[in-house]
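Participant: Okay, predicted coordinates and the sequence, questions at the end:
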Amino acid sequence: MTRAYLALGLVALAGLAAAQQQNFDSVQIETVQVRPNIHMLVGAGSNVTVHTGEDGVLVVDTQFAPMSDKILAAVRALSDKPIRFVVNTHMHPDHIGGNERIASAGGTRAGGNVFGDIGNAARNRAEIVAHENVLKRLSFPGTATPAPQGAWPTVTFFGDQRDMLFNGEAVQMFHQPAAHTDGDILVFFRRSDVLSTGDVFVTTTYPYIDVAGGGHVNGIIAALNRIIGIAVPSNVEEGGTLIIPGHGRVTDEWEVVEYRDMVTIIRDRIQTMITRGMTIEQVKAARPTIDYDARFGADSGFWTTTMFVETVYRNLTAKS
């Protein structure tokens, strides 16, 4: 096993350990209506996007495994149609933990699905859709991952984009390489004008860059720029396209622009310090994030300000 895959396994196990330590019994699912047929479920782990209509239900991300029954109950409160698709924005446990349970509660239609991958046979579980790098990361021989095989993607794509028509709506999936991980996708519901971003954009912390999983600060910035390119604001730069982040509140283009600018400024500050020959300890002592720490910083927990600065420094000094 390579060091990179070993590190990825440790990240996954850290996520599993966090899940095991959390008391999920007391966590309640909050349902937030984003559009008439699109809702965000908030509980433990990632935000879940639920798209409903005559064709059935499409779910983006599935939180931690112990939350599966609560998520299913929330979905059933929105629609009695079958769950047809589970889409994963990337491979971290707080986004794919419920894949197996939720997919098993769904099913595909006879005659094939919108990807044409089934033929004439129906299946008694929903398809799990992701970029092929998610499947590679989860199925690489020897990887220490907590995801069972039933949680692995069953439909993957390897290009920049994959589209489908579901519930009368164009659903577009855009791959963002080397961002939060190497398997990130944005999920855009075109008619509803809603974008589900996964963890390339969050409103709660500095971006978590999973280096072992293929992440890089420059890829984060590229992903944020793509979100801005897709989103169309309404009056005085607010409203318009609604954005469901990986973690945090529903927002719009304006907040993504602010977040993009913050990450870019910090990246450029650290790059300037590197150019001047400063060591990682000197960069940390200079506090390049100081004017943003009150909003996004953390001194403890899974992802601290110090870890963010160290990761950006190593991203920018790594040999290609």
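Facilitator: All right, it came through fine. These numbers were taken from a predicted model, which means no experiment stands behind them.
Participant: CA only for contacts and neighbour counts going forward, please
Facilitator: Fine.
Participant: Which helix runs longest in the protein?
Facilitator: helix 253-275 (DSSP state H).
Participant: contact partners of that one?
Facilitator: Applying C-alpha atoms under 8 Å, 6 or more residues apart in numbering, the external contacts of helix 253-275 come out as 201, 206, 217, 221, 224-225, 227-228, 231-233, 237-239, 241-243, 283, 288-289, 292, 312-313, 316-317.
Participant: residues contacting the spatially most central residue of the chain?
Facilitator: Centre of the chain computed as the mean C-alpha position; nearest residue by C-alpha atoms, centre = their mean is residue 198, 2.2 Å away. Neighbour list for residue 198: 46, 89-90, 184-186, 244-247 [criterion: C-alpha under 8 Å, 6+ apart].
Participant: avg pLDDT for the longest helix of the chain?
Facilitator: The pLDDT scores in helix 253-275 average 98.
Participant: And it, how far out from the chain middle?
Facilitator: Mean-position distance between helix 253-275 and its chain equals 20 Å (C-alpha atoms, centre = their mean, to the nearest Å).
Participant: Could you do stretch 181-192 as well?
Facilitator: The answer for stretch 181-192 is 9 Å, by C-alpha atoms, centre = their mean.
Participant: One more: stretch 270-287?
Facilitator: Centroid separation for stretch 270-287 versus its chain: 30 Å, with C-alpha atoms, centre = their mean.
Participant: in it, what counts as buried?
Facilitator: 270-271, 273-274, 280, 283-284, 287 (16 or more other C-alpha atoms under 10 Å).
Participant: ok, back up a step: ok, for the residue nearest to the centre of the chain, nearest residue in space, not its chain neighbours?
Facilitator: In space, and not counting its chain neighbours, residue 198 is closest to residue 246: 4.0 Å by C-alpha to C-alpha, 6 or more residues apart in numbering.
Participant: Got the phi and psi for the one you found?
Facilitator: The phi/psi pair for residue 246 (degrees, to the nearest 10) reads phi -60, psi -40.
Participant: My understanding was that it contacts residue 201; is that so?
Facilitator: Yes. Assessed by C-alpha atoms under 8 Å, residue 246 is found in contact with residue 201 at 6.3 Å.
Participant: Compare these two and say which is more crowded by neighbours.
Facilitator: Taking neighbours as other C-alpha atoms under 10 Å, residue 246 and residue 201 compare with residue 201 leading, 28 against 25.
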